[in-house]
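Colleague: Here is my input, please return the structure:
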Amino acid sequence: MSLRIITSPAKKMRVVDAPPWPVREPAFLARTERLLEALRALSRDEAQRLWACSDRLADLNYERVRTMDLAAGTTAAVVAYEGIQYTHLAAEVMSEDELAWLDGHLRILSGFYGMLRPLDGVVPYRLEMQAHLAVDGTRNLYEFWADALYEALAAEGCDVIVNVASVEYARAVTPWVRPDGPQLLTCLFGVERDGRLRQPATEAKAARGTFVRWCAERGVKTLDELCDFRERGYELSAERSSGDSLVFVRAEQNSPSCDKSAPPAAKCSLV
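Modeller: Numbers count the residues shown, from 1 in each chain. Take a look at the predicted model:
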């Protein structure tokens, strides 16, 4: 069984002149060029309203749009993004084997680039998936990308899409799942507090990055292997999980670490 993990990008980006190096262009670069043209057609104030950001960030990103060269000075996507999730993923210190697994199995969803492999070359940009940018007769980016991202995953021959993306980004894929294509398995990371399960945003990002790194370290090949995830004090909750979701839970008082001496997590059987 072949799997692909989909995740979200981060708003903050950087240029990195160090390994891992980019090895290819993004698959949807022609579409990205059309989005860049649409951004360049906006006034500075229109761009700021689209980005919903501060004056400082609007100035920075408007200048980026004005001077952007999609082929020059690129950084590998997985290290270009900065944020909690990518800090915990820590691709810059992965071994060659771990990076190879990551590049083969992780797909980063992007409003600007559509979908990226970790070692695709990118430049800093600002364009969230939920942005209402009218391009080629579409009203927003969900319409612009339509089923292209799901169909790209299907074309890779994967059987299951393991979703650790935010709702905003997962929505670019989930409406297009079809019975004869790859199916979706969503992984949720919750903190149990007073008998209720919550998903604090900051902790969820840390858990997603840790989960992806854990998968790369083990070279995960099957869905059943995912059930053994126990980093940061999480354990699979069999009663909260279902055929299309895995719910990992940790008690609020648990420290964000992995107890190597703890017994194996509850097993699950996925098909």
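
Colleague: tell me the centre residue of this structure?
Modeller: Averaging the C-alpha coordinates of the chain gives a centre point, and the residue nearest to it by CA atoms, centre = their mean is residue 7 (1.9 Å).

Colleague: among the helices and strands of this protein, which has the poorest mean pLDDT?
Modeller: Lowest on mean pLDDT, DSSP states H and E among the helices and strands of the chain sits strand 196-198, with a mean of 88.

Colleague: I'd like to know which elements that strand is packed against.
Modeller: The contact analysis (3 or more CB pairs under 8 Å, 6 or more residues apart in numbering; DSSP states H and E) places strand 196-198 against strand 183-193. C-beta here means a position set from N, CA and C on the backbone, and glycine is covered the same way.

Colleague: quick one: contacts for residue 80?
Modeller: Residues in contact with residue 80 (CB atoms under 8 Å, 6 or more residues apart in numbering) are 13-16, 122, 124.

Colleague: For stretch 11-19, give the mean pLDDT please.
Modeller: Averaged across stretch 11-19, pLDDT comes to 95.

Colleague: how distant is that stretch from the center of its chain?
Modeller: Computed by CA atoms, centre = their mean, to the nearest Å, the chain-centroid distance of stretch 11-19 equals 16 Å.

Colleague: could we number from 35 for the rest of this?
Modeller: With the count now opening at 35, the last piece we talked about shows up as stretch 45-53.

Colleague: Going by neighbour count, list what's buried in it.
Modeller: If you call a residue buried by 16 or more other CB atoms under 10 Å, then stretch 45-53 has these buried ones: 47, 50.

Colleague: Endpoint to endpoint, it covers what distance?
Modeller: Length of stretch 45-53, first residue to last, CA to CA, to the nearest Å: 21 Å.

Colleague: what's the answer for stretch 108-125, then?
Modeller: With CA to CA as the measure, stretch 108-125 spans 16 Å from end to end.

Colleague: How about stretch 151-168?
Modeller: For stretch 151-168, the separation between the terminal residues is 26 Å (CA to CA).

Colleague: Quick check: mean pLDDT of that stretch?
Modeller: With pLDDT averaged residue by residue, stretch 151-168 scores 97.

Colleague: still on that earlier bit, name the next helix or strand following the least confident helix or strand of the chain along the chain.
Modeller: On the C-terminal side of strand 230-232, the closest following helix or strand by DSSP states H and E is helix 235-252.

Colleague: List the buried residues of that next one.
Modeller: So for helix 235-252, counting by 16+ other CB under 10 Å, buried means 237-250.

Colleague: Report the distance from it to the chain centre.
Modeller: Taking mean C-alpha positions (CA atoms, centre = their mean), helix 235-252 and its chain are 11 Å apart.

Colleague: which strands and helices sit next to it?
Modeller: When contacts are defined as 3+ CB pairs under 8 Å, 6+ apart, helix 235-252 packs onto strand 37-41, helix 118-123, helix 130-139, strand 217-227.

Colleague: at 6 Å what do you get?
Modeller: Counting contacts by 3 or more CB pairs under 6 Å, 6 or more residues apart in numbering; DSSP states H and E, helix 235-252 packs against helix 118-123, helix 130-139.

Colleague: between those, which one is nearest to residue 215?
Modeller: helix 130-139 (17.5 Å; CB to CB).
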